[in-house]
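Enquirer: Okay, here's the prediction I keep looking at, along with the sequence it came from:
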Amino acid sequence: MAELFGAIATNRMIEVLQRILRSTWRAENAGCGGDFDRAIADFDQAIRLQPDSALAYHHRGNAWSGKGELDRALADYEAAIRLDPSNPALFRDRGVLRRHHGDLDGALVDFDHAIRLGFSDASAYSERGLVWQDKKRHERAIADFNQALKISPNLASALVNRGIAWRSKGDFDRAIADFDEAIGMEPNMPVAYYNRALTRSDKHEFDQATTDHSKAREFIIETGQINFVRRILAVRNVAIGIHAMGARNVQYSPTVRRFLDSFRLLRQ
């Protein structure tokens, strides 16, 4: 009889685990497709079946984050960390969320902890570099992007971010070199063209900047990223390399005017 009950208990546990795996698989795929509500419903089911599943809380947090529900995402990440405090990916993801919340110091603590736990993924360094960038600590940002690229030499986003850091330091040639390399890796990467255009405009290379802006706009439309770029433009005070942009009744050269027109196209 004891063996029978043991077998029933084992079979029940297997069934529960299978249901959790099915819920997790569907939710992860739904999240990737943007169907975050379905993802959350599936992870709700996974958590009901196994309330101590750090994995389910973690991925439900990702889904909440995808929906823009940052407070709920943070609650799920913290629940996952309580259940699995040695998992560095949890601290990495909470760090990303804290940065988006504007909690830069909290984000640094999380990225530092993830790295101390042995997290060897390039994303921890790349994300920490973004925090240093936000804090205007460009040298430290560049050091982290360097480390990210040492781990993942083909990480185009780290090249773009390092290029932005170089531009912030006024080293336009190094910035353009990084944007060039990123575009070589990912030729349809709007953010690389966009930032290279800004950097070329800093150097008064307006014809080349106009070409880059046009390419950025083309790829933005093709990939459906126009709202993302509008958010960038809404929060950045973009310098184009000439002090007279905001002045009235300024007579621009044809080259500068083409550049300004291409820039305005991105804002439509």
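Expert: Sure, I can see it.
Enquirer: Low-confidence bits of the stretch 151-268 of the chain, can you list those?
Expert: 221-268 (pLDDT under 70).
Enquirer: can you rerun that using 90?
Expert: For the stretch 151-268 of the chain, applying pLDDT under 90 flags the ranges 188-191, 206-268.
Enquirer: Please enumerate the helices of it.
Expert: Using DSSP state H, counting those that start in this stretch, the helices of the stretch 151-268 of the chain run over residues 156-168, 172-185, 190-202, 206-223, 226-235, 254-267.
Enquirer: Next, count neighbours for Pro85.
Expert: Neighbourhood size, Pro85 [other CB atoms under 10 Å]: 12. (C-beta placed from N, C-alpha, C; glycine too.)
Enquirer: residues touching it, list them.
Expert: Counting by CB atoms under 8 Å, 6 or more residues apart in numbering, Pro85 touches no other residue.
Enquirer: Can you say which helix or strand has it in it?
Expert: Pro85 belongs to no helix or strand when assigned by DSSP states H and E.
Enquirer: Please report phi then psi for it.
Expert: Per-residue torsions, Pro85: phi -70, psi -10 (degrees, to the nearest 10).
Enquirer: Model confidence for it, exactly?
Expert: On pLDDT, Pro85 comes in at 97.
Enquirer: and it, how far is that from Val96?
Expert: Per CB to CB, to the nearest Å, Pro85 is found 18 Å from Val96.
Enquirer: And for Ser152, the neighbour number?
Expert: By the criterion of other CB under 10 Å, Ser152 has 16 neighbours.
Enquirer: For stretch 129-142, measure first residue to last.
Expert: Start and end residues of stretch 129-142 are separated by 7 Å (CA to CA, to the nearest Å).
Enquirer: Which positions in that stretch come out as buried?
Expert: Residues of stretch 129-142 classed as buried by neighbour count (16 or more other CB atoms under 10 Å): 129-133, 138, 140-142.
Enquirer: and which of these is nearest to Phe36?
Expert: Leu130 (23.3 Å; CB to CB).
Enquirer: give me phi/psi at that closest one?
Expert: According to degrees, to the nearest 10, Leu130 has phi -70, psi -40.
Enquirer: you'd agree it is up against Asn161?
Expert: Yes: contact status for Leu130 versus Asn161: in contact at 6.4 Å, counting by CB atoms under 8 Å.
Enquirer: Residues in contact with both of those two, list them for me.
Expert: Counting by CB under 8 Å, 6+ apart, the residues touching both Leu130 and Asn161 are Ala141.
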